[in-house]
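Engineer: below: sequence and its predicted model.
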Amino acid sequence: MKYIVKKTKFEEIEADASIVLVIKQNFKHEWVKDRKTLKNLNFKDESVVFLSESMRVYVSCESLEAEELRLVTSKAYNALKNTNCKSAKIGLYLDECGYVSAKSLVEGFELGSYEFSRYKTKKNPSKLKTIYISNEDINKKEIDFKTLKKAVNDGKILASSTNLAKTVINTTPEDFTPIEMAQEAKEIAKLENVTCKIYDEKFLKKESMNAFLAVNRASVHPPRLIHLTYKPKNAKKRVIFVGKGLTYDSGGLSLKPSSSMETMKSDKSGAAAVLGIVDAAARLNLPFEVHGIIGATENMIGGNAYKPDDVLYSRSGTTIEVKNTDAEGRLVLCDCLDYAQDFKPDYLIDLATLTGACVVALGEYTSGILGINEKLQQEFYEVSKRSGELTTPLYSNRYLDKAIKSEVADICNISNTRYGGAITAGVFLSKFIKPKYKNKWLHLDIAGPAFIEKSWGYNQYGASGAGVRMCISWLRHLQFKES
Ligand code: BES
Ligand code: ZN
Ligand code: ZN
């Protein structure tokens, strides 16, 4: 979508269609013209109507908060996408900060208009290609033109990095193996200040990343450890993101039932988010060194598959008894997290579709924020809210800590209790965090919202790009904390 920012009054802009918000059922504002028709149509909360006579789309909204604005523009897009309109115009609806409001309008259009049509033989692209944004606000408040342009640009970047993650996830496991993941990372490394190192199984062996290698053993596709670095001049801090990149999770010998296997192409969502985060950080010129470390592999079955009863020697030296090969994500992550700490992060954040238990606990809309530092979990929660992503902190305790005891090795890859599976998975990962980094580490379990089976909000069926926006909000937050 192309955005043209105009220093022209909303009414004076020429476009095929107009988008008008109806805030809390208030029809009084001068931009709401078709009052009688709207009343006849029983226009109420949640309503969206396109009136072809006046070529206006009216969208109801509760407030002018950022998330509400994202929802509004995605709904307006959907009302117009199958019409003959090539362009639409919208005024500004400013809430607490003009920058945030303008950025959110654009995010809603971009996220809501995403379509994954690679495997459709008949494509049906929308004619709507241009959005005019007037710098006139509904309350005649002023927003500086330069700020407005920046907001539009930033919103576009953030959404396009999120959409990049969606496309990675939506691509089938045959078309997107660890090799393609590495290829995608190399594309991102074409950006200024970004470099990328790709490591194969020889490196993994040399580094004793045996837990990661075990998961890969029965796959015909070789694994890749991907290390992307965005390093601007005068970087203030180093933030390392680690992503679970299971290009397919069949469960391994502890095979998943077929209905649970469907959608397991999305088990690379943590990795896809990490790609999106580095992409956005670089394109937004954020003043931090941002690393993206991805463990990419499949989890398959075969004669040489790793087995329940195996004991794995992880990179850190901790031995792991395998009791369930479907708890593979933590095995890949523990070696990647150990590797990541060699680079001395100021913050270390991993993202993974780690447990079905997290979805059971929090529902399909919400990611879990786990860790050891409860204050950091709380801080991340507050910040993530601004991005529009839903999260909840999950805290551990000393009793759950004992759940991964093993009789034969240092720890076991599954818990000995049926309860609290999202937290015990976090506890497992915490065993690989060195004392120095315990306060700086967070684990984000995005298993719920990563893949959408029934569309909600501005998320269509398929991947949502979960994790990208909340982590960029976190980096922005660090930026303001610094200054
Ligand atoms: N990739 C799955 C987790 C998952 C489940 C993601 C549903 C998205 C939706 C993970 O590897 C897994 O299978 N975890 C097991 C762990 C169990 C064996 C301890 C699970 O959640 O059942
Ligand atoms: Zn699994
Ligand atoms: Zn998995």
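Structural biologist: In hand now; what should we look at? Numbering: from 1, shown residues only. Ligands and ions are numbered 1, 2, ... in the order given.
Engineer: does ligand 3 sit close to stretch 423-441?
Structural biologist: No. Stretch 423-441 is not in contact with ligand 3 by CB under 5 Å from the ion; minimum separation 10.4 Å. The C-beta positions use only the backbone N, C-alpha and C, and glycine is treated the same way.
Engineer: need the single longest helix in the chain, by residues.
Structural biologist: helix 145-170 (DSSP state H).
Engineer: state the mean pLDDT of the next helix or strand after that one.
Structural biologist: Next along the chain after helix 145-170, taking DSSP states H and E as the criterion, comes helix 178-188. The pLDDT scores in helix 178-188 average 98.
Engineer: okay, buried residues for stretch 298-311 please.
Structural biologist: 298, 299, 300, 305, 306, 308, 310 (16 or more other CB atoms under 10 Å).
Engineer: identify the residue spatially nearest to the closest residue to ligand 2 within the stretch 251-400 of the chain, adjacent ones excluded.
Structural biologist: The minimum distance from the stretch 251-400 of the chain to ligand 2, using CB to the ion, falls at residue 326 (3.8 Å). Among residues not flanking residue 326 along the chain, residue 251 sits closest, at 4.0 Å (CB to CB, 6 or more residues apart in numbering).
Engineer: verify the contact between residue 319 and residue 410 for me.
Structural biologist: Yes. With contact defined as CB atoms under 8 Å, residue 319 and residue 410 form a contacting pair (4.7 Å).
Engineer: got the residues of the stretch 101-250 of the chain near ligand 3?
Structural biologist: 246, 249.
Engineer: quick check, the residue in the stretch 101-250 of the chain closest to ligand 2?
Structural biologist: Counting by CB to the ion, the stretch 101-250 of the chain gets nearest to ligand 2 through residue 249 (4.4 Å).
Engineer: now do the phi/psi pair for that residue.
Structural biologist: Phi and psi for residue 249, reported as degrees, to the nearest 10, are phi -120, psi 100.
Engineer: all numbers from here: first residue = 378
Structural biologist: That works, and once the first residue is 378, the last one we named lands at residue 626.
Engineer: let's see the pLDDT reported for it.
Structural biologist: 98.
Engineer: also residue 685?
Structural biologist: So residue 685 comes in at 98 (pLDDT).
Engineer: which helix or which strand is home to it?
Structural biologist: Applying DSSP H and E, one finds residue 685 in no helix or strand.
Engineer: can you pull the contacts of it?
Structural biologist: By CB atoms under 8 Å, 6 or more residues apart in numbering, residue 685 lies in contact with 630, 631, 699, 700, 701, 702.
Engineer: skip the chain neighbours and tell me the closest residue to the closest residue to ligand 1 within the stretch 678-827 of the chain.
Structural biologist: Proximity of the stretch 678-827 of the chain to ligand 1 (CB to the nearest ligand atom) peaks at residue 733, 3.3 Å away. Nearest residue to residue 733 in three dimensions, chain neighbours excluded: residue 824, at 6.5 Å (CB to CB, 6+ apart).
Engineer: nearest spatial neighbour of the residue in the chain that ligand 3 sits nearest to, skipping sequence neighbours?
Structural biologist: As assessed by CB to the ion, ligand 3 sits closest to residue 626 within the chain, at 3.7 Å. Distances taken as CB to CB, 6+ apart place residue 644 nearest to residue 626, at 4.0 Å, with adjacent residues excluded.
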